[in-house]
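*Asks:* After the sequence you'll find the predicted model.
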Amino acid sequence: MKHLALFLLALTTLAPAQNKTIPPFTGTWTLDLHRSTFEGKAHPPIAAEVVIRYDGTHWHRWRSHTAPDGKVDAHAVDLIVDSPKPLIVKDGPVTFYSRIIHDGNALVLKEDIVANTGEKATNTVRYTLEDSGKTLIEFEQEITPEGNETNRWVSTRKK
């Protein structure tokens, strides 16, 4: 009985060390164009909104970009964080192989993109929070046969 009590005490002592703090990415975010930087984009969006739902295991991200001509482009993705298998999505002539992984308090989206012509590209986005969770930074690096882009999307949390 004494050994059982010691075992249970050890489990309760170790339990708090196993709990990870989940960065508060969940929320609705509005693009701050003045703090964002875009390289290689001929026409960056004039507005954008991102909705993220993150519980430490599942990542749901929906985003909407408004182009200078007023056209709206929306995209959503649902991923299992740290899954060894990528989510495979065929979108017209392009197939996306997407994974998201933890990197400390950041999350990193890695996408391998393959066109039906065989051309390949990669897109990597590092998600971090600043200003006590009030600012979302999406640091994006895209490498394509046509050229590379590095973008820093800065968004503020909607209240």
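*Replies:* Here it is on my side, so go on.
*Asks:* what about the strands in this structure?
*Replies:* Applying DSSP state E to the chain gives strands spanning 27-31, 37-38, 47-54, 58-66, 72-80, 87-91, 94-103, 106-115, 120-130, 135-144, 147-157.
*Asks:* Pick out the shakiest of those strands, pLDDT-wise.
*Replies:* Note on the strands of the chain: lowest mean pLDDT is at strand 37-38, with a mean of 91.
*Asks:* Who are the packing partners of that strand?
*Replies:* In terms of contacts (3 or more C-beta pairs under 8 Å, 6 or more residues apart in numbering; DSSP states H and E), strand 37-38 is packed against strand 147-157. For glycine as for every other residue, the C-beta is placed from the backbone atoms N, C-alpha and C.
*Asks:* which residue packs closest to P93, ignoring adjacent ones?
*Replies:* Nearest in space to P93, with sequence neighbours left out and distances taken as C-beta to C-beta, 6 or more residues apart in numbering, is N116 at 4.5 Å.
*Asks:* where does that neighbour land on pLDDT?
*Replies:* For N116, pLDDT reads 95.
*Asks:* who's in contact with it?
*Replies:* 93-95 (C-beta atoms under 8 Å, 6 or more residues apart in numbering).
*Asks:* from those residues, which would you call buried?
*Replies:* Among those, none is classed as buried by neighbour count (16 or more other C-beta atoms under 10 Å).
*Asks:* related to what we said a few turns ago, can you put the strands of the chain in CSV and add distance to T21?
*Replies:* Below are these laid out as CSV (distance: least, C-beta to C-beta, whole Å):
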stretch, distance to T21
strand 27-31, 16
strand 37-38, 29
strand 47-54, 12
strand 58-66, 16
strand 72-80, 19
strand 87-91, 26
strand 94-103, 11
strand 106-115, 13
strand 120-130, 12
strand 135-144, 17
strand 147-157, 18
